[in-house]
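# got a structure for you, letters missing:
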């Protein structure tokens, strides 16, 4: 058991506490180069979010100095260094303001205002974001306290949780969407607090010395305050995660309804939009050619309830707008042209198959049964018996090294008749 505990012991490979604290204090300030680096990193991250490029966002995290004041606040709480805590919070506010201003200006000037998936992912925080902040913070702080920093880059671990929400908050301000701004800012606060708490836990575990003496009563109040803040942020996150799960379940039910009640019955859905935030919820549909009566729509509305889709109005668009009519007409024409072409090709292939009488097996059998034949040809001939009368017959024309005896001729004729029982066969010696 002791061997296992030593295997996970964080004291092994730990850097000197004085050196770690010195590095943490030096990285708190956001003046000069740090401010410029942060501004540039925010621009890069904003571009990545704007064009929906994960690689660009990761590149911005590599150069972000945002970790400094948050880790500083965690160390200050763990060592009860209140001047350092005040300095860390001040610089964190400065960094936040710089980030919001830069991202706001970028999205204000950017011609692309559409919300991409990378942006939307940062507008609804949940418990999973808390986990990212905690474990990202743990990775960052553990790496900071090592002599050999190893593979993890502390800034990346922490910037993962900080850069995108800040840029998304700036985007929300730029387009005037305050729900985006509030959601992203709440996510940013969650990440800051839990990265700070993760740092506090590691600092306590590694037993960093207290800078100021604090009596047990005050230390208890600090611990209680951290607990209250944690619960105040975790509980809403759990609620948002629950809502996210319910929305996923609801969306899956709608997909099953559309698939089973419409697509599987041959109706081509050309437009589908689900409004989750409206009251009641709305499902909008449009179809390629099907026109639904009021009775059919009522039946579909009732069928939705059997799938567990409650409090949802079904809206089927059946308006014949000029643009829609033109598009659908063109689709119908192309579909009809393709279908007609396929039918013609299939008919020609079937017709050609009728004339393909020769086969490898036929050639092999003739060579064994009638070795006297030097060559032959076989095909369907059209025989005009009289006016308006047309008949098809199989003609077998052969050449032989010597004239075939009469028994062999009869044998050849009978064999061909047996081979083509439904057709009349003419055997001709060339």
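Yep, that arrived. Being a predicted model, the structure only gives us computed values, none of them experimental.
# how about the helix or strand hosting residue 187: buried residues?
According to DSSP states H and E, residue 187 maps onto helix 178-205. Residues of helix 178-205 classed as buried by neighbour count (16 or more other CB atoms under 10 Å): 180-181, 183-188, 190-203. (Glycine included, C-beta is placed from N, CA and C.)
# swap in stretch 206-226?
Buried, per 16+ other CB under 10 Å, within stretch 206-226: 206, 208, 211, 226.
# re the thing from before, average pLDDT across the helix holding residue 187?
On average, the pLDDT along helix 178-205 is 87.
# ok, now stretch 369-388?
Confidence for stretch 369-388, expressed as mean pLDDT, is 72.
# poorly predicted segments of the chain, please.
Low-confidence segments of the chain (pLDDT under 70): 1-8, 149-161, 213-214, 319-344, 347-359, 382-392, 422.
# find the nearest non-adjacent residue to the residue nearest the centre of it, please.
Nearest residue to the geometric centre of the chain (CA atoms, centre = their mean): residue 117, 9.3 Å. Nearest residue to residue 117 in three dimensions, chain neighbours excluded: residue 52, at 6.1 Å (CB to CB, 6 or more residues apart in numbering).
# got the contact list for the closest residue in space to residue 100 that isn't next to it in sequence?
Distance criterion CB to CB, 6+ apart; nearest residue to residue 100, sequence neighbours excluded, is residue 170 at 5.2 Å. Counting by CB atoms under 8 Å, 6 or more residues apart in numbering, residue 170 touches 42, 46, 99, 100, 101, 102, 103, 104, 106, 107.
# how many residues are close by the fourth one?
It refers to residue 100. 20 (other CB atoms under 10 Å).
# name the element it belongs to?
Going by DSSP H and E, residue 100 is in helix 82-109.
# and that helix, what does it pack onto?
Using 3 or more CB pairs under 8 Å, 6 or more residues apart in numbering; DSSP states H and E as the contact test, the elements touching helix 82-109 are helix 33-50, helix 67-79, helix 154-175.
# just want the angle from the first one to helix 67-79.
Interaxial angle, helix 33-50 versus helix 67-79 (axes from the mean of the first three to the mean of the last three CA atoms, to 10 degrees): 110 degrees.
# what does helix 33-50 contact?
Here helix 33-50 makes contact (CB under 8 Å, 6+ apart) with 27, 30, 53-61, 63-66, 68, 94-95, 98-99, 102-103, 106-107, 110, 112, 116, 118-119, 159, 163-164, 166-168, 170-171.
# buried stuff in stretch 122-142?
Neighbour-count burial for stretch 122-142, counted by 16+ other CB under 10 Å, picks out 122-127, 129-130, 132-142.
# show me these that map onto helices.
Of these, the ones assigned to helices by DSSP state H are 127, 129-130, 132-142.
# contacting residues around the spatially closest residue to residue 74 that is not a sequence neighbour?
Nearest in space to residue 74, with sequence neighbours left out and distances taken as CB to CB, 6+ apart, is residue 199 at 2.4 Å. Residues near residue 199 by CB under 8 Å, 6+ apart: 70, 71, 73, 74, 75, 77, 78, 137, 140, 141.
# farthest pair in those?
For the contacts of residue 199, with distances taken as CB to CB, the pair at the greatest spread is 77 and 140 (15.7 Å).
# picking up where we left off before, most neighbours among the contacts of residue 170, which one?
Neighbour max across the contacts of residue 170 (other CB under 10 Å) = residue 46, 30 neighbours.
# and that residue, how far is that from residue 258?
36 Å (CB to CB, to the nearest Å).
# tell me the domain boundaries of the chain?
2-213, 360-429 (automatic domain parsing).
# which elements pack onto the helix or strand harbouring residue 225?
Element membership of residue 225, judged by DSSP H and E, is helix 216-261. If you count contacts as 3+ CB pairs under 8 Å, 6+ apart, helix 216-261 packs onto helix 127-144, helix 178-205, strand 269-275, strand 281-287, helix 294-306.
# now with 10 Å, please.
Applying 3 or more CB pairs under 10 Å, 6 or more residues apart in numbering; DSSP states H and E, we find helix 216-261 packed against helix 67-79, helix 127-144, helix 178-205, strand 269-275, strand 281-287, helix 294-306, strand 312-317.
# give me the sheet partners of the fifth one and which way each runs.
Partners of strand 281-287 in the sheet, by DSSP bridges, are strand 269-275 (antiparallel), strand 312-317 (parallel).
# identify each buried residue in that strand, please.
For strand 281-287, the buried set under the neighbour-count rule, 16+ other CB under 10 Å, comprises 281, 283, 285, 286, 287.
# which residues sit against that strand?
250, 254, 257-258, 262, 267-276, 292, 300-301, 304, 309-319, 324, 328 (CB atoms under 10 Å, 6 or more residues apart in numbering).
# just to revisit the earlier point, closest one to residue 364 among the strands paired with strand 281-287?
strand 269-275 (54.7 Å).
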